[in-house]
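Student: Attaching a predicted model along with its sequence, questions to come.
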Amino acid sequence: MSRGFQGRRREEGDSGRVPPGQYLVDDFPVLSAGPTPHTPLEEWTFTISGEVAEPKTWTWEEFRALPSETITKDIHCVTKWSKLDTVWEGVSVDTLLAEVEHDAAYVVAFCDGGYTTNLPLEDVSDGKAWIAFGYDGEPLDPEHGGPARLLVPHLYFWKSAKWVRGLRLSDHDEPGFWEALGYHMYGDPWREQRYWGD
Amino acid sequence: MAGAAVLGRLTWQLCEVAELVEETPQVKTLVLGAPDWPGHRAGQHVDVRLTAEDGYQAQRSYSIASAPEEGRLALTVERLADGEVSPYLADVLVVGDKLELRGPIGGYFVWDGEEGGPVLLVGGGSGVVPLMAMARHHAALGNGTPMRLLYSAKRLDDVIYRKELEELAARGDGFEAFFTLTRDQPEGWQGFGRRVDRALLAKVGWPAADDPHAFVCGPTGFVEAVASALVESGLSPGRIKTERFGPTGG
């Protein structure tokens, strides 16, 4: 017990939507480990590589020609903020994975700037993940990962890698950038899996 | 990774508040007794957890201000007007109270002192806190690594650790401190009086050819502007490490 701490209870209606240890924000905080990269769209590609029969690469134009959808989701950052009803535009990862032959169980998302993050394949399948290029009706701001970021809203937001350039498929799970530095391999906000051993 | 604290399970521990230091009207340092502290690296942070009588809990992250060598754990907290946790830490907490925390957390925005090459620290507002841990670590190491701090604050009254930074700079062991006040400069002010931009970084920082390590911490707009300016001036993006320290955080 913290002597004299009252705290600020959240509104009743939202209480089932905010995972343990999180608080709500209205703004959209920015977290990055380094400078924001600015890759010109004509140089941008998205690649599925690794343990696949044949790697597949899309140019920006090809990627944007794929069917996309509007996604409204709550997001939860490991630094404790959560934001409700964020609205994104993106291509389902299912659409991209359908283009390669594989029997992988894990993926590593790789990004401009060298960032990586690991996920089980099933967490980016069946309508659970997108490559998002729009936010709130606008092109995705570079600060927030534009031109495109991974969006995996059911896991802590560091898994939704900014400036994503592809997925490397594998039959085993290997830690990404933050996962090698003490952050949880899976990162389920509802089980408060922030760090190793959580 | 030399000097890495052992990365195991991070358990919550109760620490007693040993001392409270009023750094500025808005900023306090909490000095904690942490007998089970596993050690940390300069630049890391902790999670603090408060629990109300009815079991309600709130968590926030705070940067560690003390050097790894110090036998104390110091957190420096800025009171945010509409915050939930920082007003409690700054106004309610007294010496002898217990505070629950776990850490250390974060292994990227860290300076161990064995990286080689000059170091540029750029801090905006309370973003100076993890950089202070690096400056204190630098003094404790005493290996003469060239290190420069460029610290941007609104007014002189908002400058945290000013006296200690000036003392560290006076040691002549490679550490230098530069201040810029963006809103008000007192009469006779000898430091800078402008926002941090490419020209100011060129004046204070190291040439790209020296391949410096840069650590930038502050509010989002500050970090974006400084990191971009450093990239434009030719620093390798992989040498620029950033951390956000903004009003969001409560």
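Tutor: Yes, it's here.

Student: Of all the residues in stretch B:38-45, which ones are buried?
Tutor: By 16 or more other C-beta atoms under 10 Å in any protein chain shown, the buried positions in stretch B:38-45 come out as B:H40, B:R41, B:A42, B:G43, B:Q44, B:H45. Glycine gets a C-beta too; all of them are placed from N, C-alpha and C.

Student: give me the element A:K83 is part of.
Tutor: strand A:81-92 (DSSP states H and E).

Student: which residues touch residue 186?
Tutor: As the question left the chain open, I've gone with chain A. A:P120, A:L155, A:Q193 (C-beta atoms under 8 Å, 6 or more residues apart in numbering or on different chains).

Student: not what I meant, chain B
Tutor: Contacts of B:P186 (C-beta under 8 Å, 6+ apart): B:L156.

Student: Please tell me how far it sits from chain A.
Tutor: Distance from B:P186 to chain A, counting by C-beta to the nearest C-beta, to the nearest Å: 33 Å.

Student: For that residue, what is the enclosing helix or strand?
Tutor: Residue-wise, B:P186 maps onto no helix or strand under DSSP H and E.

Student: same question, B:K203
Tutor: Using DSSP H and E, B:K203 maps to helix B:198-204.

Student: Show the subsequent helix or strand relative to that helix.
Tutor: Past helix B:198-204, the next helix or strand by DSSP H and E is strand B:213-218.

Student: who's in contact with that following strand?
Tutor: Contacts of strand B:213-218 (C-beta under 8 Å, 6+ apart): B:43, B:63, B:109, B:111, B:115, B:117-125, B:127-131, B:134, B:152, B:205, B:222-223, B:226-227, B:230, B:235, B:239-246.

Student: The biggest strand by length in chain B: partners in the sheet, and parallel or antiparallel?
Tutor: The longest strand of chain B (DSSP state E) is strand B:13-24. The pairing partners recorded for strand B:13-24 under DSSP bridges are strand B:27-33 (antiparallel), strand B:98-105 (antiparallel).

Student: returning to what we had before: would you indicate which residues of the helix holding B:K203 are buried?
Tutor: B:L200, B:L201, B:V204.

Student: Would you format the residues you listed as TSV with pLDDT included?
Tutor: Formatted as TSV, the buried residues of helix B:198-204 follow (pLDDT from 0 to 100):
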residue	pLDDT
B:L200	98
B:L201	98
B:V204	97
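
Student: what number of residues lie near A:A161?
Tutor: 28 (other C-beta atoms under 10 Å in any protein chain shown).

Student: my read: it touches A:T117, true?
Tutor: Yes - using C-beta atoms under 8 Å, A:A161 makes contact with A:T117 at a distance of 4.9 Å.

Student: Burial check on the closest residue to chain A within chain B, number of neighbours?
Tutor: Residue nearest to chain A within chain B (C-beta to the nearest C-beta): B:R9, separated by 2.9 Å. When neighbours are counted by other C-beta under 10 Å, B:R9 registers 9.

Student: That one - nearest residue in space that isn't next to it in sequence?
Tutor: A:G197 (2.9 Å; C-beta to C-beta, 6 or more residues apart in numbering or on different chains).

Student: Need phi/psi at the one you found.
Tutor: phi 90, psi -10 (degrees, to the nearest 10).

Student: what about it, neighbour count?
Tutor: With other C-beta under 10 Å as criterion, A:G197 counts 12.

Student: and what of A:D141?
Tutor: A:D141, neighbours per other C-beta under 10 Å, totals 14.

Student: Kindly report the same for A:V93.
Tutor: Quick note: A:V93 (other C-beta under 10 Å) scores 26 neighbours.

Student: Which pLDDT value does the model give it?
Tutor: pLDDT for A:V93: 98.

Student: ok, now B:D36?
Tutor: 88.

Student: which helices and strands does the helix or strand containing A:F110 pack with?
Tutor: A:F110 belongs to strand A:106-111 when assigned by DSSP H and E. For strand A:106-111, the packing partners by 3 or more C-beta pairs under 8 Å, 6 or more residues apart in numbering or on different chains; DSSP states H and E come out as strand A:116-120, strand A:164-170.

Student: now it and strand A:116-120, what's the angle there?
Tutor: 150 degrees (axes from the mean of the first three to the mean of the last three C-alpha atoms, to 10 degrees).

Student: List the contacts of strand A:106-111.
Tutor: With C-beta under 8 Å, 6+ apart, strand A:106-111 has contacts from A:50, A:116-121, A:124, A:150, A:159, A:161-174, A:176.

Student: next one: stretch B:131-146
Tutor: With C-beta under 8 Å, 6+ apart, stretch B:131-146 has contacts from B:42-44, B:63-70, B:76, B:111, B:113, B:118-119, B:121-123, B:147, B:149, B:151, B:160-161, B:165, B:168, B:171, B:173-175, B:177, B:206, B:215, B:217.

Student: So which bits of it are buried?
Tutor: Buried, per 16+ other C-beta under 10 Å, within stretch B:131-146: B:L131, B:M132, B:A133, B:M134, B:A135, B:R136, B:H137, B:H138, B:A139, B:L141, B:T145, B:P146.
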